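Asks: mind folding the following:
(chains A and B)
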Number of protein chains: 2
Amino acid sequence: VTEDEIVTAIEALLASHPDTLRVTRGDDAALWQPSRSHRSAISTDMLVEGVDFTREMMSLEDAGWRAMAANLSDLAAMGARPVLATVALGFPQDAIQKEVLELYRGIAECAARCRCCIAGGDLSRAAVWTIAVAVVGEVRPSNEKLRSGGRPGDVLAVTGPLGAARAGLFGETAGLQALKRPEPRIAEGRFLATSRNVAAMMDLSDGLSTDVRRLAAASGCGAELNAIPVADCARVLAQGRGEDAERFALAGGDDFELLVAIRPRAFSHLAARYAKRFGRELKKVGVLRVEPEILYKGERVEPSGWDHFAASADR
Amino acid sequence: VTEDEIVTAIEALLASHPDTLRVTRGDDAALWQPSRSHRSAISTDMLVEGVDFTREMMSLEDAGWRAMAANLSDLAAMGARPVLATVALGFPQDAIQKEVLELYRGIAECAARCRCCIAGGDLSRAAVWTIAVAVVGEVRPSNEKLRSGGRPGDVLAVTGPLGAARAGLFGETAGLQALKRPEPRIAEGRFLATSRNVAAMMDLSDGLSTDVRRLAAASGCGAELNAIPVADCARVLAQGRGEDAERFALAGGDDFELLVAIRPRAFSHLAARYAKRFGRELKKVGVLRVEPEILYKGERVEPSGWDHFAASADR
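Replies: Model (predicted):
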């Protein structure tokens, strides 16, 4: 049983309780309409010690940053502006106040960087450090981007090079930094969301090989990938291990870049504007296709990124 | 170190990051203003197996209900109408899909009962069952109730009899039901919030002895309690144990009744309207006073309700 299969079963269960408001589920964040002119987005993400991180791998401050960044990245994927967050924190019996504050410092730093206010929280004992954040953002109704807006022929592009976090799992220094202090692509997401030619968007927290399948499926398409931008540190590490660098990056998780589907005739103009604005490349990685398979350079790709049901802290 | 002390330290840390929006923290839920005419409330609460419940004590379906009810109760305490919730769920390696769905069924039932939509969620492995819910509600700006609105002379009242959940911890049948399937006092909270004479409100999830201290402190007062309404099952159990029933209820946690401070001259009229509307009594338990102590029948009360830092599943 995969994570996506359980999610589908939960969706079926929830469908028996009709919603009292229009909410779109199944994207990085859910959208609702608090008043006529506003659209809000909400998302939640839980980090568990021993599953998503270990204390050998990173400090509690880093874990706090990561937990907040993972949530904010979901807002970025909707083109939303962060507004506020809640933090439910479980910590073990032997934790001391200094450690709780260390973790909170990482949470608060990442939140402040993205202009997100910590609105409230809950503290609880738990067997291991457990950080459940929920974030609320706002998006203009006209800028709303879902996973499902793509169609065959759309260009698939990513907001930056991939694989750094995976390299970090192997101890690579620059990669470790990417793993500990990922940057949610809030500004990039908001920029891309303003374009009518951006048809679909999501974040790559579970890795390109897993997430491209989700975006393609939501859009009723398959996808062909043929060029994956690889972070320098991931390239060095993969080559040192005798592995193909692009395949290494394809299978990585914890990349907080965004994956976007863009109408083909608009891509080069948008990419030029993106490069000018952010000083980084909006890299074409492939196209959406009618055929349902996910291909990389002509070969079928199996999902190899992050699935929590097969999870352990080193992968 | 108590929970309230750590919360104070966290508040100090967060104060170094100035908020980008007006948010009131330190109440059952935080309030913010998504647009001029709207006020939203958000709250989060985490339930952990072995701390907040055990599987011997209740089914996963009950645990799901409880997790949702605890969150919705925080909205009730603000006089807010529930809108939506997110659910971050951690479950152990040996959990099967049937169990995940059982837990979700309890979550969905409680949410549907309170007209709250499940907007999204996250699934993760964890050492034990861990349920972190965040809820969003809406409240009219004129109906906003904080803990801090009380003043000396205000009548303290509760929306129903106390102690049932504590009786449940001792195995009492009706008490077990209260522990497993608490009813958030949404309708009661919204009703009370419409009265200008209700000065302060909070829920009693940590027990009257702990929570009355919080409401009084937030209002810059002390309190004297002198008559505590006791749930029938708690009275029977306490008497069987040779304990004073009111003191038993005073020290109980997990009561999801609301505690309100009401301007004294308005109390009897409001109580009459409450009784007519809900068929239950709005019971006077005491008064707010200038002197900072918390007294019960003239004796000082030490906090004896729920503190997560001294927590174990039986108390």
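Asks: which SS class is the nearest residue to A:Ala127 once chain neighbours are set aside?
Replies: The shortest distance from A:Ala127 to any non-neighbouring residue, by CB to CB, 6 or more residues apart in numbering or on different chains, is to B:Ala127 (4.2 Å). C-beta here means a position set from N, CA and C on the backbone, and glycine is covered the same way. On the three-state scheme (DSSP: H, G, I helix; E, B strand; the rest coil), B:Ala127 is labelled coil.
Asks: show me the contacts for B:Ala127.
Replies: A:48, A:50, A:126-128, B:92 (CB atoms under 8 Å, 6 or more residues apart in numbering or on different chains).
Asks: with A:Ala227 instead?
Replies: So, once contact is read as CB under 8 Å, 6+ apart, A:Ala227 ends up touching A:246, A:283-286.
Asks: which of the contacts of B:Ala127 lies closest to B:Ala157?
Replies: A:Ala126 (35.0 Å; CB to CB).
Asks: and the closest residue to that closest one other than its chain neighbours, which helix or strand is it part of?
Replies: Of all residues not flanking A:Ala126 in the chain, A:Gly90 sits nearest, at 2.8 Å (CB to CB, 6+ apart). Element membership for A:Gly90, per DSSP states H and E: strand A:81-91.
Asks: is any part of the following helix or strand past that strand close to chain B?
Replies: Reading on from strand A:81-91 to the C-terminus, the next helix or strand found by DSSP H and E is helix A:97-113. Yes. Applying CB under 8 Å from any CB of the partner chain, one finds helix A:97-113 touching chain B at A:97, A:100-101, A:104-105, A:108-109, A:111-112.
Asks: in this structure A:Met58 contacts A:Arg66, no?
Replies: Yes. Under the criterion of CB atoms under 8 Å, A:Met58 makes contact with A:Arg66 at 7.3 Å.
Asks: what ranges does the stretch 151-300 of chain A have for its strands?
Replies: A:155-158, A:198-203, A:222-225, A:258-262, A:283-289, A:294-296, A:299-300 (DSSP state E, counting those that start in this stretch).
Asks: the longest one pairs with which strands, and in what direction?
Replies: Within its sheet, strand A:283-289 is paired with strand A:155-158 (antiparallel), strand A:222-225 (antiparallel), according to DSSP bridges.
Asks: what of the second one?
Replies: Strand A:198-203 has the following sheet partners, assigned by DSSP bridges: strand A:258-262 (antiparallel).
Asks: share the number of residues neighbouring the residue nearest to A:Phe91 when sequence neighbours are not counted, please.
Replies: Leaving aside its sequence neighbours, A:Phe91 sits nearest to A:Trp129 (CB to CB, 6+ apart; 5.6 Å). The number of residues packed around A:Trp129, counting by other CB atoms under 10 Å in any protein chain shown, is 25.
Asks: same question, A:Glu299
Replies: Neighbours of A:Glu299 using other CB under 10 Å come to 9.
Asks: same check on A:Val48?
Replies: 27.
Asks: averaged pLDDT, stretch A:183-190. What do you get?
Replies: For stretch A:183-190, mean pLDDT is 97.
Asks: buried residues of it, list them for me.
Replies: Going by neighbour count (16 or more other CB atoms under 10 Å in any protein chain shown), the buried part of stretch A:183-190 is A:183-186, A:188-190.
Asks: just stretch A:243-260 next, same as before
Replies: A:245-260.
Asks: among those residues, which are in helices?
Replies: Using DSSP state H, the members of these that fall in helices are A:245-250.
Asks: closest one of the residues you listed to B:Leu14?
Replies: Of these, the one sitting nearest to B:Leu14 (CB to CB) turns out to be A:Ala249, at 36.6 Å.
Asks: and that closest one, what does it touch?
Replies: Taking CB under 8 Å, 6+ apart, one finds A:161-163, A:166, A:208, A:228-231, A:234, A:238, A:255 in contact with A:Ala249.
Asks: excluding chain neighbours, what is closest to it?
Replies: Spatial nearest neighbour of A:Ala249, chain neighbours left out: A:Gly163 (3.1 Å); criterion: CB to CB, 6+ apart.
Asks: sketch out the low-pLDDT regions of the stretch 151-300 of chain A for me.
Replies: By pLDDT under 70, the stretch 151-300 of chain A has no low-scoring segment.
Asks: how about it: which residue is closest to chain B?
Replies: A:Ser205 (10.7 Å; CB to the nearest CB).
Asks: go ahead and confirm that residue touches A:Arg185.
Replies: No. Counting by CB under 8 Å, A:Ser205 stays clear of A:Arg185, with 11.2 Å between them.
Asks: quick check: neighbours shared by those two?
Replies: With CB under 8 Å, 6+ apart, A:Ser205 and A:Arg185 have common neighbours A:73, A:256.
Asks: ramachandran angles for the residue lying farthest from the centre of chain A?
Replies: Relative to the centre of chain A, the most outlying C-alpha is that of A:Asp94, 32.1 Å out, by CA atoms, centre = their mean. Phi and psi for A:Asp94, reported as degrees, to the nearest 10, are phi -90, psi 10.
Asks: picking that back up, pick out whichever of the buried residues of stretch A:183-190 sits closest to A:Arg300.
Replies: Nearest to A:Arg300 among the buried residues of stretch A:183-190, with distances taken as CB to CB, is A:Arg185, at 28.8 Å.
Asks: residue contacts, the closest one?
Replies: So A:Arg185 contacts A:73, A:76, A:159-160, A:203, A:256-258 (CB under 8 Å, 6+ apart).
Asks: for the stretch 1-150 of chain A, give me the ranges with low pLDDT.
Replies: Applying pLDDT under 70 to the stretch 1-150 of chain A flags residues A:18-26.
Asks: do that again at 80, thanks
Replies: Low-confidence regions of the stretch 1-150 of chain A, defined by pLDDT under 80, span residues A:1-4, A:15-26, A:34-38.
Asks: show me where it has its helices.
Replies: For the stretch 1-150 of chain A, applying DSSP state H, counting those that start in this stretch gives helices covering A:3-15, A:60-76, A:97-113.
Asks: if you compare those, which one is most tucked away?
Replies: Neighbour counts (mean count of other CB atoms under 10 Å in any protein chain shown) averaged over each of these peak at helix A:60-76, with a mean of 28.
Asks: which helices and strands sit right next to that one?
Replies: Using 3 or more CB pairs under 8 Å, 6 or more residues apart in numbering or on different chains; DSSP states H and E, the elements in contact with helix A:60-76 are strand A:39-48, strand A:81-91, helix A:97-113, strand A:130-139, helix A:173-180, helix A:186-193, strand A:198-203.
Asks: closest one to B:Arg151 among these?
Replies: strand A:81-91 (29.6 Å).
Asks: mind exporting that closest one as PDB, just the C-alpha atoms?
Replies: Extracted C-alpha coordinates of strand A:81-91, given in PDB (Å, rounded to 0.1, in the frame of the first residue of the first chain):
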ATOM      1  CA  ARG A  81       1.600  34.600   0.000                       C
ATOM      2  CA  PRO A  82       2.200  33.100   3.500                       C
ATOM      3  CA  VAL A  83       0.100  34.700   6.300                       C
ATOM      4  CA  LEU A  84       0.400  32.700   9.400                       C
ATOM      5  CA  ALA A  85       1.200  29.300  10.900                       C
ATOM      6  CA  THR A  86       0.400  27.100  13.900                       C
ATOM      7  CA  VAL A  87       3.000  24.700  15.400                       C
ATOM      8  CA  ALA A  88       2.000  21.600  17.300                       C
ATOM      9  CA  LEU A  89       5.200  20.300  18.900                       C
ATOM     10  CA  GLY A  90       5.700  16.900  20.600                       C
ATOM     11  CA  PHE A  91       9.000  16.300  22.500                       C
END
